[in-house]
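Participant: Just need the structure, nothing else, for what follows:
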Amino acid sequence: MQSPTKSCALDPITTFLLKEMVDVLLPYVTVNVMINSSLRAGRMPSSHKHIVVTPLLKKTGLDAEELKNYRPVSNLTFMSKLLERVVSSRLVTYLNAHGLMPQLQSAYRRHHSTETALLKVLSDIYAAIDRQQVTHC
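Facilitator: Numbering: from 1, shown residues only. Down below sits the predicted model:
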């Protein structure tokens, strides 16, 4: 329910409708058919391996005739995004529960970001300077 209500042209049902009918569809979407069977089989259904790629201008005002001014935007099916989110959540939970996540890992962790990584690097630099060690960035 926290996912954005964006849909992909490949979605068999719009995300809006899926969210509206979640109580009816949930047993089929998660338990029986999609998520758990994908995880059990260790495979993603081939219907969710397709994307719609749309070229978008990097900035307004750029020459639309120049291909280098475009960036590809991939639009995945809602179910593939949902499966990715479930796998990520379970993997991070497992790694944290078994102490396998590196202590200074910032990506994919709650309350950690590029800002916390940058603060760690700056802290290390300042500590080296205090010890009169050479630092280089």
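
Participant: going forward, measure contacts between C-alpha atoms and count neighbours the same way
Facilitator: Noted.

Participant: Figure out how far the helix or strand bottoming out on mean pLDDT in the chain is from the centre of its chain.
Facilitator: For the chain, the helix or strand with the lowest mean confidence is helix 22-26, at a mean of 76 (criterion: mean pLDDT, DSSP states H and E). Averaging C-alpha coordinates over helix 22-26 and over its chain gives two centres that are 24 Å apart (C-alpha atoms, centre = their mean, to the nearest Å).

Participant: What lies in contact with it?
Facilitator: Helix 22-26 is contacted by residues residue 18 when judged by C-alpha atoms under 8 Å, 6 or more residues apart in numbering.

Participant: So which bits of it are buried?
Facilitator: When neighbours are counted by 16 or more other C-alpha atoms under 10 Å, no buried residue of helix 22-26 is found.

Participant: by contact count, what packs against the next helix or strand after that helix?
Facilitator: Tracing the chain past helix 22-26, the next element assigned as helix or strand by DSSP states H and E is helix 35-41. Contacting helix 35-41 under the criterion 3 or more C-alpha pairs under 8 Å, 6 or more residues apart in numbering; DSSP states H and E is no other helix or strand.

Participant: Just the CA coordinates for helix 35-41, please, in CSV.
Facilitator: Included here for helix 35-41 are C-alpha records, laid out as CSV according to Å, rounded to 0.1, in the frame of the first residue of the first chain:
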residue,chain,number,x,y,z
ILE,A,35,5.6,-13.7,-4.5
ASN,A,36,6.0,-16.9,-2.5
SER,A,37,6.0,-19.2,-5.6
SER,A,38,8.7,-16.9,-7.2
LEU,A,39,10.7,-17.1,-4.0
ARG,A,40,10.3,-20.8,-3.7
ALA,A,41,11.3,-21.5,-7.3
